[in-house]
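Participant: next come a sequence and a model predicted from it.
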2 protein chains.
Amino acid sequence: MADFCLTSYLRDRQVVVEQALADALTVSFPEQIYEAMRYSLLAGGKRLRPILCLASCEMVGGELGMALPTACALEMIHTMSLIHDDLPAMDNDDFRRGKPTNHKVFGEAMAILAGDGLLAYAFECIANTQGVPSDRLVRVIQIIAHAASHHGLVGGQVVDLAMEGRADVDESILHYIHTHKTGALLKACVLSGAVLGGASPEDLADLSLYAENIGLAFQIVDDILDLTATTEQLGKTAGKDTRDDKVTYPKLWGIEASQQKAQMLVAEAKAKLAKYGAQAVPLQALADYVIQRDR
Amino acid sequence: MADFCLTSYLRDRQVVVEQALADALTVSFPEQIYEAMRYSLLAGGKRLRPILCLASCEMVGGELGMALPTACALEMIHTMSLIHDDLPAMDNDDFRRGKPTNHKVFGEAMAILAGDGLLAYAFECIANTQGVPSDRLVRVIQIIAHAASHHGLVGGQVVDLAMEGRADVDESILHYIHTHKTGALLKACVLSGAVLGGASPEDLADLSLYAENIGLAFQIVDDILDLTATTEQLGKTAGKDTRDDKVTYPKLWGIEASQQKAQMLVAEAKAKLAKYGAQAVPLQALADYVIQRDR
């Protein structure tokens, strides 16, 4: 795979994912809810989560089609968390992926319901997967539901909200927030893809370390981008962490040390997969992408 | 089963369900979210949904323990829908089950997150069920996720909100709202219990008719109670449909004809299960309970 090109890989996979997402949600009665769900689900974005799930499935020898419904489900859950986090009662944000947030367009009631619909439908999509043994699907639902619940996403957002504007947030609380709010679902993407593809316990252990490292690196880069990038570049409000007086990695460690930490985490993640040879090249390239991205 | 006593049956099953729900959510860090989830989940209520699931599993020859995690999951999803429906952006209600609503106690952000947590955790609970073949669990997750999504609960609430204060709501729209907002989850309770217990296709067909009939009867009685019962009796605001100018069955048909319709539906549901003999007595008694309840 000396000729592996991340740019064309990402573009190809984004096309596959976009198409599958659009097909999963064709408009029907009552149209408003489909439109609200599709508005946020099909608003672009990097599609990093579904692409990680697909790449992980293929690394262990599975077919792309085995993981595609779950990849879509992971993007639905991610989108649900963005819609709900943006609500006035939560982070009260007006822009996301360069567009007005869901509740700005459809109203708060519809935004809440669109999130609920996406969360429930995600599990229907996984359970409807064809050509994968049921025990793998059950294991994948365990992993993803755990990551989406108060054990993961929801728990991270709760602590994040509770810590806003507080000066006494130390590294352990910051770590809790990020391993739950961002890390849990990223790890679920990698592990669920692997389970669907028939991973061995050793594969899962290696991929766990990979996922934890890129999850933390992802968050460090997110914090740095919030400080250094523009709103146009991010497609969402920049400088928000400073505005909300949030503790972040660059605030604790400085920007340069944060960048070094992210690079070290990615290098370790890539090294862990070296033994898989060419099969691991896409996941390794995705790890690089996590710290090289500019949005 | 000539000596079957519904009162003691309901009391016994409520104890089993209450205990399992409390055990499923023991408080941990971050405590606020557990407290918000437990506040609404353990606020009493009839526990009709989990009890239907357990009874259906037993009717087809399954063990109670096979359905208990799913029974809890169904109550979690029902509770999620109540928490979110009560939000200011939705029905804006202050009381539920005789207590202040979740957002009144914990604030809107925590109420949204408590609902999200309950919905995701419900699927984790089902997937963690021991002693049931994986293919049955996958089928149950399909059924329940479908009923909770925009294909069920969420779709019903969307149309319900859209129709508020509109005079042109006809019986077909009212029927859509109720088969989705109430009926879909009640049917999922009955069918998921049956699938877990190893139901045959014929069992499932009979139980589908049973569930559809009691679902509609349940809603007709709900509409009648909203007109005739007090807020204290209901534990939630009475007269709300009139206040919100909602179309209801008693408004379309009159109270007496509505009562007759509910009785006819229950009689048909019970007759459908007659061939199961003593095994069906609990479900038949639960059908009677649906129209005899006073809250």
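Facilitator: Happy to help now that I have it.
Participant: so, low pLDDT: which residues of the stretch 151-295 of chain A?
Facilitator: Within the stretch 151-295 of chain A, not a single segment meets pLDDT under 70.
Participant: mind listing what the residue lying closest to residue A:246 once chain neighbours are set aside touches?
Facilitator: Once flanking residues are discounted, residue A:246 sits nearest to residue A:164: 6.4 Å by C-beta to C-beta, 6 or more residues apart in numbering or on different chains. (Each C-beta comes from the backbone N, C-alpha and C, glycine too.) Shown in contact with residue A:164 (C-beta atoms under 8 Å, 6 or more residues apart in numbering or on different chains): A:244, A:245, A:246.
Participant: now residue A:164: how far from residue B:8?
Facilitator: Counting by C-beta to C-beta, to the nearest Å, the gap from residue A:164 to residue B:8 is 50 Å.
Participant: near residue A:293, how many other residues are there?
Facilitator: With neighbours defined by other C-beta atoms under 10 Å in any protein chain shown, the count for residue A:293 comes to 13.
Participant: what about the helices in the stretch 1-150 of chain A?
Facilitator: A:6-24, A:31-41, A:48-59, A:64-85, A:102-106, A:108-127, A:134-148 (DSSP state H, counting those that start in this stretch).
Participant: got the ones you listed as a markdown table, with mean pLDDT and distance to chain B columns?
Facilitator: Output for those, formatted as a markdown table (pLDDT from 0 to 100; distance: least, C-beta to the nearest C-beta, whole Å):
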| stretch | mean pLDDT | distance to chain B |
| --- | --- | --- |
| helix A:6-24 | 97 | 11 |
| helix A:31-41 | 97 | 5 |
| helix A:48-59 | 98 | 16 |
| helix A:64-85 | 98 | 6 |
| helix A:102-106 | 98 | 8 |
| helix A:108-127 | 98 | 4 |
| helix A:134-148 | 98 | 4 |
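Participant: is it possible to export these to CSV including mean neighbour count?
Facilitator: Compiled in CSV, those are given as follows (neighbours: other C-beta atoms under 10 Å in any protein chain shown):
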stretch, mean neighbour count
helix A:6-24, 15
helix A:31-41, 21
helix A:48-59, 27
helix A:64-85, 26
helix A:102-106, 21
helix A:108-127, 27
helix A:134-148, 23
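Participant: mind checking those helices for the one nearest to residue B:83?
Facilitator: Among the helices of the stretch 1-150 of chain A, the nearest to residue B:83 by C-beta to C-beta is helix A:108-127 (10.3 Å).
Participant: who are the packing partners of that closest one?
Facilitator: Helix A:108-127 makes packing contacts with helix A:31-41, helix A:64-85, helix A:102-106, helix A:134-148, helix B:64-85, helix B:108-127, helix B:134-148, helix B:153-163 when contacts are defined by 3 or more C-beta pairs under 8 Å, 6 or more residues apart in numbering or on different chains; DSSP states H and E.
Participant: in CSV, list these along with distance to residue B:28.
Facilitator: What follows is the helices and strands packed on helix A:108-127, written out as CSV (distance: least, C-beta to C-beta, whole Å):
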stretch, distance to residue B:28
helix A:31-41, 31
helix A:64-85, 21
helix A:102-106, 31
helix A:134-148, 13
helix B:64-85, 17
helix B:108-127, 12
helix B:134-148, 25
helix B:153-163, 28
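Participant: right, and those helices - which one's nearest residue A:114?
Facilitator: So among these, helix A:31-41 is nearest, using C-beta to C-beta, at 3.9 Å.
Participant: quick one: buried ones out of the contacts of residue A:164?
Facilitator: residue A:246 (16 or more other C-beta atoms under 10 Å in any protein chain shown).
Participant: okay, and which of the contacts of residue A:164 map to strands?
Facilitator: Within the contacts of residue A:164, no residue falls in strands by DSSP state E.
Participant: next up, the contacts around the residue most central in space within chain A.
Facilitator: Against the mean C-alpha coordinate of chain A, by C-alpha atoms, centre = their mean, the closest residue is residue A:49 at 4.4 Å. Contacts for residue A:49 (C-beta under 8 Å, 6+ apart) come out as A:71, A:74, A:75, A:78, A:185, A:186, A:189.
Participant: does the third one touch residue A:16 like I think?
Facilitator: No - using C-beta atoms under 8 Å, residue A:75 is not in contact with residue A:16; the gap is 11.9 Å.
Participant: dump the residue contacts of residue A:84.
Facilitator: A:90, A:111, A:112, A:115, B:112, B:113, B:116.
Participant: ok, it to residue A:268 distance?
Facilitator: From residue A:84 to residue A:268 the distance is 33 Å (C-beta to C-beta).
Participant: looking at the helices and strands packed on helix A:108-127, which is closest to residue A:195?
Facilitator: Of the helices and strands packed on helix A:108-127, nearest to residue A:195 by C-beta to C-beta is helix A:134-148, at 5.1 Å.
Participant: which strands and helices sit next to that closest one?
Facilitator: Going by 3+ C-beta pairs under 8 Å, 6+ apart, helix A:134-148 lies up against helix A:64-85, helix A:108-127, helix A:184-196, helix B:108-127, helix B:134-148.
Participant: tabulate those helices (a markdown table), appending distance to residue A:142.
Facilitator: Formatted as a markdown table, the helices and strands packed on helix A:134-148 follow (distance: least, C-beta to C-beta, whole Å):
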| stretch | distance to residue A:142 |
| --- | --- |
| helix A:64-85 | 12 |
| helix A:108-127 | 11 |
| helix A:184-196 | 9 |
| helix B:108-127 | 4 |
| helix B:134-148 | 10 |
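Participant: out of these, the one nearest residue A:23 is which?
Facilitator: Nearest of those (C-beta to C-beta): helix A:64-85, 8.9 Å.
Participant: tilt between that closest one and helix B:108-127?
Facilitator: 150 degrees (axes from the mean of the first three to the mean of the last three C-alpha atoms, to 10 degrees).
Participant: alpha carbons of helix A:64-85, as PDB, please.
Facilitator: Output of helix A:64-85 as PDB, limited to C-alpha atoms (Å, rounded to 0.1, in the frame of the first residue of the first chain):
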ATOM      1  CA  LEU A  64     -17.300  -3.000   4.100                       C
ATOM      2  CA  GLY A  65     -21.000  -3.900   3.800                       C
ATOM      3  CA  MET A  66     -21.000  -5.700   7.200                       C
ATOM      4  CA  ALA A  67     -20.200  -2.400   8.900                       C
ATOM      5  CA  LEU A  68     -22.000   0.100   6.800                       C
ATOM      6  CA  PRO A  69     -25.300   0.200   8.700                       C
ATOM      7  CA  THR A  70     -23.400   0.500  12.000                       C
ATOM      8  CA  ALA A  71     -21.200   3.200  10.500                       C
ATOM      9  CA  CYS A  72     -24.400   5.100   9.700                       C
ATOM     10  CA  ALA A  73     -25.800   4.500  13.100                       C
ATOM     11  CA  LEU A  74     -22.600   6.000  14.700                       C
ATOM     12  CA  GLU A  75     -23.000   9.100  12.600                       C
ATOM     13  CA  MET A  76     -26.700   9.300  13.700                       C
ATOM     14  CA  ILE A  77     -25.700   9.100  17.400                       C
ATOM     15  CA  HIS A  78     -22.900  11.700  16.900                       C
ATOM     16  CA  THR A  79     -25.400  14.000  15.100                       C
ATOM     17  CA  MET A  80     -28.000  13.500  17.900                       C
ATOM     18  CA  SER A  81     -25.400  14.600  20.400                       C
ATOM     19  CA  LEU A  82     -24.600  17.700  18.400                       C
ATOM     20  CA  ILE A  83     -28.200  18.700  18.000                       C
ATOM     21  CA  HIS A  84     -29.000  18.300  21.700                       C
ATOM     22  CA  ASP A  85     -25.700  19.900  22.800                       C
END
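Participant: from the chain's centroid, how far away is the top helix by length along chain A?
Facilitator: The single longest helix within chain A, with elements called by DSSP state H, is helix A:201-228. Taking C-alpha atoms, centre = their mean, to the nearest Å, one finds helix A:201-228 lying 10 Å from the centre of the chain it belongs to.
Participant: name the next helix or strand following that helix along the chain.
Facilitator: Using DSSP states H and E, the helix or strand that directly follows helix A:201-228 along the chain is helix A:231-234.
Participant: good, we can wrap up now.
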